[in-house]
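> here are the coordinates; sequence isn't available:
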């Protein structure tokens, strides 16, 4: 039987080790794998409830840039993470308590979802919600 295909986003950040700790605190992420060290570049595989993603220090020489490299006037992001969870209100509160900024509060949407959006301290946007 062939291995299952998976797609895991890799978030480019500044201060990779701090980002890893933020994701652990904000989302209860588990660190599955890490190489490198702060100041020399960190790459880590993370998991939230079995959903995997990667975090890596930005590396312009490899064309990996963090949202912070886009400048202070840029308030968006190239990729928006969508996290579907059983209790979006609790996860949203946990994320904002850990330092995420509210982009839009958790609310029931006319298209049948309860969802809100935060920006993490490294510039990435996370939609946290569930279908109603």
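Right, received. Where do you want to start? In this text the structure is predicted, and so the values were computed from the model without any measurement.

> going forward, measure contacts and count neighbours with C-alpha atoms only.
OK.

> in the strand or helix carrying residue 130, what's buried?
Taking DSSP states H and E as the definition, residue 130 sits inside strand 125-131. The neighbour-count criterion (16 or more other CA atoms under 10 Å) identifies 125-130 as the buried residues of strand 125-131.

> next one: stretch 28-40
28-31, 34.

> Now do the strands in the protein.
In the chain, the segments counted as strands under DSSP state E are 10-13, 30-37, 41-48, 51-57, 80-84, 101-108, 113-119, 125-131.

> I'd like these as CSV, with mean pLDDT appended.
Putting these into CSV (pLDDT from 0 to 100) gives the following:
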stretch, mean pLDDT
strand 10-13, 94
strand 30-37, 94
strand 41-48, 96
strand 51-57, 96
strand 80-84, 94
strand 101-108, 97
strand 113-119, 97
strand 125-131, 96
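
> residues in contact with stretch 95-114?
Here stretch 95-114 makes contact (CA atoms under 8 Å, 6 or more residues apart in numbering) with 22, 25-27, 88-89, 92, 115-121, 128-132.
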